[in-house]
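Undergrad: Quick one, what's the 3D model for this:
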Amino acid sequence: MTGIMGLSKKNNVVLTVRDADVVAATLRQALEQASPLERPGLERAAALVEATAAATESQLRARWVRLRLAAVGFAGDIASVAAVKALRQAEPKLSLLAAVQLQKEAVDHLE
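TA: Now for the predicted structure:
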């Protein structure tokens, strides 16, 4: 995170990178050349990519928070203070303000 210009301890940002359109185009191209045996798997993959591409940036950040919490073994209430602590444990350079904002998005977008 620190390699991104403008970031400091007071101003942390989680950058959302979306390349689902590139993946979807590659899958569509593969579908054009696919054998009948390969088509069902590629069609399922294309549907998953399209569903993922439809997610908002807020939903992607919420998913990222849940993944980071799981990585440090947090299984409690995402709305708790312990969740913010665990998120900052998972991402030590994350400011308290950024962690709280990300936590709110995760709470707003529970899966």
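
Undergrad: all helices for this structure, in order.
TA: For the chain, the helices defined by DSSP state H occupy 20-33, 39-53, 57-71, 81-90, 96-108.

Undergrad: Next, the angle helix 57-71 makes with the fourth one.
TA: What it means is helix 81-90. Relative orientation of helix 81-90 and helix 57-71, computed by axes from the mean of the first three to the mean of the last three CA atoms, to 10 degrees: 80 degrees.

Undergrad: Kindly report the same for the first one.
TA: Put simply, helix 20-33 runs at 90 degrees to helix 57-71, going by the same axes, to 10 degrees.

Undergrad: Just want the angle from helix 20-33 to helix 39-53.
TA: Here helix 20-33 points in a direction 160 degrees away from that of helix 39-53 (the same axes, to 10 degrees).

Undergrad: related to what we said a few turns ago, same list (the helices of the chain) but as a markdown table, adding mean neighbour count and mean pLDDT.
TA: C-beta here means a position set from N, CA and C on the backbone, and glycine is covered the same way. Formatted as a markdown table, the helices of the chain follow (neighbours: other CB atoms under 10 Å; pLDDT from 0 to 100):
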| stretch | mean neighbour count | mean pLDDT |
| --- | --- | --- |
| helix 20-33 | 13 | 89 |
| helix 39-53 | 13 | 89 |
| helix 57-71 | 17 | 91 |
| helix 81-90 | 18 | 96 |
| helix 96-108 | 17 | 93 |
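
Undergrad: which residue packs closest to Arg61, ignoring adjacent ones?
TA: Leaving aside its chain neighbours, Arg61 sits nearest to Glu105 (5.1 Å; criterion: CB to CB, 6 or more residues apart in numbering).

Undergrad: show me the contacts for that neighbour.
TA: By CB atoms under 8 Å, 6 or more residues apart in numbering, the residues touching Glu105 are 58, 61-62, 65.

Undergrad: ok, Leu48 to Glu57 distance?
TA: Separation of Leu48 from Glu57 (CB to CB, to the nearest Å): 19 Å.
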